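Novice: I would like the atomic coordinates for the input below:
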Amino acid sequence: MLCILVGLGMMWLPYKTWNDNDAWEDRLRAEGVPVQGVVDELVHKRRNSDTMHLRYEWARVERRAEVGCWEACLPAGTPVRIWVSPDDPGDFVTEFGTLSGHRGRVQGVIGAAGLVLFGSMVLAGFTRLDQRRRDRRQRDWQRQQRDRRRQQIGHTRVRTQGKPSRRWRKKN
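Specialist: Numbers count the residues shown, from 1 in each chain. Below is the predicted model:
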């Protein structure tokens, strides 16, 4: 039961992170400082793992950051409007709703592991219940067989032909 609850908690983590990221995006758009950034380069690492490197200026210092691009990958040299956090200039949100860095990947992996843990524990629970049912059927069948043997032994006919058994001879 504990593993099922842990699995559910692990599955809940990506959803909570997603909601927290959405709330942080809204907060950055409201409280952040708008800055014009430029896509410095687009890096194709693997399938579904493209990254844009952005360049922007904050407090007269040029900064560089990367943004994962799952929905919107822009070519190099494209201007992008971003809202930078006044407390942390490396933290920003782009005009197309992507937060800086690669957020939520670890939580996604933990959520997938939670799904596997939850599924395997539920399957193990059903297997255990099925095994108990099979064991109960086996015990019932064995009890029926034992009762039949007892009935057969109790209702045996007295022999009228042949030699009497050794026990009978000793008693008489």
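Novice: wait, Thr78 sits on Val38?
Specialist: Yes. With contact defined as Cβ atoms under 8 Å, Thr78 counts as touching Val38 (7.1 Å). To be clear about C-beta, it is placed using only N, CA and C from the backbone, and glycine gets the same treatment.
Novice: what about the helices in this structure?
Specialist: 2-31, 105-154, 166-171 (DSSP state H).
Novice: relative to Asp87, which of the ones you listed is closest?
Specialist: Asp87 lies closest, by Cβ to Cβ, to one member of these: helix 2-31, at 9.4 Å.
Novice: what about the closest one, average pLDDT?
Specialist: Average pLDDT, helix 2-31: 89.
Novice: same deal with stretch 37-50?
Specialist: Stretch 37-50 comes out at a mean pLDDT of 80.
Novice: distance of Leu8 from Phe118?
Specialist: As judged by Cβ to Cβ, to the nearest Å, Leu8 and Phe118 stand 6 Å apart.
Novice: have a look at those two and say which one is more surrounded.
Specialist: Phe118 (19 against 14; other Cβ atoms under 10 Å).
Novice: the closest residue to that one other than its chain neighbours: what's it in contact with?
Specialist: Closest residue to Phe118 apart from its sequence neighbours, by Cβ to Cβ, 6 or more residues apart in numbering: Gly7 at 3.0 Å. Contacts for Gly7 (Cβ atoms under 8 Å, 6 or more residues apart in numbering) come out as 114-119, 121.
Novice: residues contacting the longest strand seen in the chain, please?
Specialist: In terms of residue count, the longest strand belonging to the chain (DSSP state E) is strand 33-44. Outside of strand 33-44, the residues within contact range by Cβ under 8 Å, 6+ apart are 50-58, 64, 69, 73-84, 86, 92, 94.
Novice: pull out the buried members of those.
Specialist: Buried members of these, scored by 16 or more other Cβ atoms under 10 Å, are 52, 54, 56, 58, 69, 73-74, 80, 82-84, 92, 94.
Novice: CSV for those, including distance to Arg27?
Specialist: Below are the buried ones among the contacts of strand 33-44 laid out as CSV (distance: Cβ to Cβ, whole Å):
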residue, distance to Arg27
Met52, 22
Leu54, 20
Tyr56, 19
Trp58, 18
Cys69, 22
Cys73, 25
Leu74, 24
Val80, 19
Ile82, 14
Trp83, 10
Val84, 12
Phe92, 12
Thr94, 15
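Novice: list the residues that contact the residue most central in space within the chain.
Specialist: Nearest to the geometric centre of the chain sits Leu115, at 2.2 Å (Cα atoms, centre = their mean). Shown in contact with Leu115 (Cβ under 8 Å, 6+ apart): 7, 10-11.
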